[in-house]
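J.: for reference, the sequence and a predicted model appear below.
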Amino acid sequence: MSRARDLAGIFNLNPLSGTTAQRPATAEVGDIYYNGTIGKTQIYTPTGWQDMASGIPFGNTAGRPSSPSIGQPYFNGELGYQEVYTNSGWKHLSGILSGDTAGRPSNPAVGQLYSNGELQRLELYSGPAYGWQNIVAETPGVTGYTGTLKENSGGTITVTGTNFASGATTTLVGSGGTEYVATSTTVNNLTQISATFGPISGSEEPYDIKVTNPSNLYGVYYDILTVNDSPVWQTAAGSLGTFSELSNISVSVSATDEESDSITYSLASESSLPSGLTLSSSGVISGTLPDITSTTTYSFTINAISGQQTSSRLFTITSLRTVPVEYLIVAGGGAGGDYFQGGGYNAAGGGGGAGGYIYSSSSNLLLNSTSISVGSAGVSTATSNTSGGYASNGGNSTFAGLTSIGGGKGASGNSSVSANAVPAGSGGSGGGGARPDATNFNLAGGNTSGQGNIGGAYNSGDGDGGGGGGATAAGTLGGQGSQGGAGFTSSITGSSSVYAAGGGGGKGSSSQSGFSWSGSGGSGVGGNGGTKQNNSPGGNASSYGCGGGGAGSGADGNSVFSKGGNGSSGVVIIAYPDIYPIATISAGLTYDQPSRSGYRVYRFTAGSGTVTV
């Protein structure tokens, strides 16, 4: 047997081991020996071999010492705890075992403690009915809430979570540290609380929800609750309108707030308006739509913001592609006044007024089933002094929502002898007046502002009819030329033409030498007035929208009935760059296509219908 001493000579290292019978019969004090027979480490003393005080035997239940002394300890690995031998046998010491859930003692005694590291709690065995129970208060947890709290009136919310104990309180903690304790907290069960609050300021939202159990343990869900109600949209989602490209627009969106808080508006992230438009903080979208090559619908989302609350809504604006159009809209010219036989009066008819005209050198228009109508010519339907009808105004022409007014008819001469007689008509340009044989027949017809001029009135002492008004000049007075007013010259078709001239007044005065003189039509295209000869009708107009000539009175005022000249029909002409598509023309329109370099030109001369480009 080899031995070794430590430097102090107190005990030997490398102890021997064996059974009781194998212990050395003689040994030195301090020698150590592990006695397998009794399962203990022993030390040799002056009185012989003694058990070392620190040695605690261990094993299973069957391995307990067979002849233990009172107070002897033993660690029972089968039961998982330390025992002590008493007068009543082996008993469990009060030390607390620990481990995971699976490591709980398999045969615990009622009241036995166990530290469950897996569940992080101290447990007590309460018996087979309820098993292991937590005996230390648990920390509550907050996982969410439902319900709404309003700034002005508060409300009730339902808080969800874990480990809610009876008597718990609910508190809202603002971003600035202000706390609002619920006026009542009802613990419905371990996972649900109903909490009621009074009015709560929106200035510190979002709020934390804090639940505190009677043990003062608490749980918090941070920055979860808002009290300022979301704005409510008043503007319906979807289209805010359809507009022509390059047009100036101004449209508004609006929302309301229950607390009457101010609302601001902004575009949502990644949303944008068409270039040229802006959104103000008050909800006004304004500006000029961009130039586009095809009709475009823009979609964007606007946020209505009140405090920390945001409501979003999707809107659209549609921009229609327009075409730069040059256009001329000319109405039908009025008929010249008739001459009705009677009483020796020298009273010739007035010239017909020109049709009104509207011209634009370039306007961006939406040509999408755009309506067009061409005004008819004013005509005289009288066939004698007493039958057939009378002179009429020209018809209106329309395009793209614009209307040019038909020219006024000329006044009838010797009006009192025929029911068919008419005074001068007003229109785009007014008809010329005549010698009065009835009230107001001497007056000229009025014009439409911006579309033409007045006719010439009857000149006292002469029987000549006044000239009809033209596009750019008034008709002259009867007896002072009786000429129709000048027309409007345009090269919209690629060549220069005159439109909308007034008709000349008829000859009725005996003070002029000869009988062939009469008023001439304006610009050479209005109808000429009839001469002072028997059966001398007024001349018909020869260009679009011109007035007819007034009838002559006949020799000495005793000739038979003479008819006023017819006006000419109107015309609508459009021209646009040929980079744009060919127009689609509906049925019902009569048109041709004059040649003009770099342009598509459409000249509509009769009917009504639509045009689409």
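T.: The structure has been received and is ready for your questions.
J.: hmm, G349 and G463 touching each other?
T.: No. If you go by C-beta atoms under 8 Å, G463 and G349 don't touch, sitting 10.4 Å apart. C-beta here means a position set from N, CA and C on the backbone, and glycine is covered the same way.
J.: residues that sit against both of these two, list them.
T.: G413 (C-beta atoms under 8 Å, 6 or more residues apart in numbering).
J.: more crowded one of those two?
T.: G349 (49 against 28; other C-beta atoms under 10 Å).
J.: do you know the pLDDT at that one?
T.: pLDDT recorded at G349 is 88.
J.: now do A53
T.: Looking at A53, the pLDDT reads 47.
J.: output stretch 458-471 as PDB, nothing but the C-alphas.
T.: The C-alpha coordinates for stretch 458-471 follow below in PDB (Å, rounded to 0.1, in the frame of the first residue of the first chain):
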ATOM      1  CA  TYR A 458     -84.500 103.600 -93.100                       C
ATOM      2  CA  ASN A 459     -83.300 107.200 -94.000                       C
ATOM      3  CA  SER A 460     -86.100 109.700 -93.700                       C
ATOM      4  CA  GLY A 461     -87.300 111.100 -97.100                       C
ATOM      5  CA  ASP A 462     -86.000 108.200 -99.200                       C
ATOM      6  CA  GLY A 463     -87.700 104.800-100.000                       C
ATOM      7  CA  ASP A 464     -84.400 102.900-100.200                       C
ATOM      8  CA  GLY A 465     -84.000 100.000 -97.800                       C
ATOM      9  CA  GLY A 466     -81.100  99.900 -95.300                       C
ATOM     10  CA  GLY A 467     -78.200  97.500 -95.800                       C
ATOM     11  CA  GLY A 468     -78.000  94.400 -93.700                       C
ATOM     12  CA  GLY A 469     -75.200  94.300 -91.000                       C
ATOM     13  CA  GLY A 470     -72.000  92.300 -91.700                       C
ATOM     14  CA  ALA A 471     -69.400  90.600 -89.600                       C
END
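J.: run the chain-centre distance for it.
T.: What separates the centre of stretch 458-471 from the centre of its chain is 60 Å, taken as C-alpha atoms, centre = their mean, to the nearest Å.
J.: so which bits of it are buried?
T.: Y458, N459, D462, G463, D464, G465, G466, G467, G468, G469, G470, A471 (16 or more other C-beta atoms under 10 Å).
J.: which members of those are positioned in strands?
T.: Residues of the buried residues of stretch 458-471 located in strands (DSSP state E): none.
J.: state the pair within those that is farthest apart.
T.: Using C-beta to C-beta, the two most remote members of the buried residues of stretch 458-471 are G463 and A471, lying 27.6 Å apart.
J.: determine the number of other residues adjacent to G407.
T.: For G407, the neighbour count with other C-beta under 10 Å is 55.
J.: contacting residues around it?
T.: 331-334, 352-356, 378, 393-394, 425, 427-429, 431, 452, 468-469, 500, 502, 545-547, 567.
J.: now do 7 Å
T.: By C-beta atoms under 7 Å, 6 or more residues apart in numbering, the residues touching G407 are 331-334, 352-355, 378, 393-394, 427-429, 468, 547, 567.
J.: buried set for stretch 137-152?
T.: E138, P140, G141, V142, Y145, L149, K150, E151.
J.: nearest to I38 among those residues?
T.: E138 (47.3 Å).
J.: was I right to think the closest one contacts N163?
T.: Yes. E138 is within contact range of N163, at 4.3 Å (criterion: C-beta atoms under 7 Å).
J.: helix, strand, or coil at the residue nearest to S69 when sequence neighbours are not counted?
T.: Take S69 and drop its neighbours on the chain: the residue closest to it by C-beta to C-beta, 6 or more residues apart in numbering is Y85, 7.0 Å away. Here Y85 is strand, with the state taken from DSSP: H, G, I helix; E, B strand; the rest coil.
J.: packing partners for the lengthiest strand in the chain?
T.: When the chain is parsed with DSSP E, its longest strand is strand 599-612. If contacts are counted by 3 or more C-beta pairs under 7 Å, 6 or more residues apart in numbering; DSSP states H and E, strand 599-612 sits against strand 370-373, strand 571-577, strand 584-585, strand 589-592.
J.: give me the residue ranges of the stretch 351-500 of the chain where confidence is low.
T.: Along the stretch 351-500 of the chain, segments meeting pLDDT under 70 span 388, 415-419, 437-439, 460-462.
J.: could you pull out the strands for it?
T.: With DSSP state E, counting those that start in this stretch, the ranges of strands along the stretch 351-500 of the chain come out as 357-365, 370-373, 397-399, 402-404, 488-490, 497-499.
J.: what is the burial count for the residue nearest to S69?
T.: 18.
J.: does it touch R64 like I think?
T.: No. Using C-beta under 7 Å, Y85 is not in contact with R64; the gap is 8.2 Å.
J.: Q309 versus A237, what's the distance?
T.: From A237 across to Q309, the span is 18 Å (C-beta to C-beta, to the nearest Å).
J.: typed the wrong thing, it's E205
T.: According to C-beta to C-beta, E205 stands 8 Å off from Q309.
J.: go on, T322?
T.: 41 Å.
J.: you'd agree T316 is in a strand?
T.: Yes. Looking at T316 with three-state DSSP, it is inside a strand.
J.: ok, it touching Y298?
T.: Yes. Applying C-beta under 7 Å, one finds T316 in contact with Y298, separated by 6.4 Å.
J.: for G80, give me the pLDDT.
T.: On the pLDDT scale, G80 gets 64.
J.: so what's the residue count around the nearest residue in space to S569 that is not next to it in sequence?
T.: Distances taken as C-beta to C-beta, 6+ apart place A377 nearest to S569, at 4.5 Å, with adjacent residues excluded. Number of residues near A377 (other C-beta under 10 Å) recorded here: 29.
J.: A377: what's it in contact with?
T.: G332, G333, G394, N566, G567, S568, S569 are the contacts of A377 under C-beta under 7 Å, 6+ apart.
J.: hmm, back to that, next, format the buried residues of stretch 137-152 as a markdown table and append secondary structure.
T.: Shown next, in a markdown table, are these (three-state DSSP):
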| residue | secondary structure |
| --- | --- |
| E138 | coil |
| P140 | coil |
| G141 | strand |
| V142 | strand |
| Y145 | strand |
| L149 | coil |
| K150 | strand |
| E151 | coil |
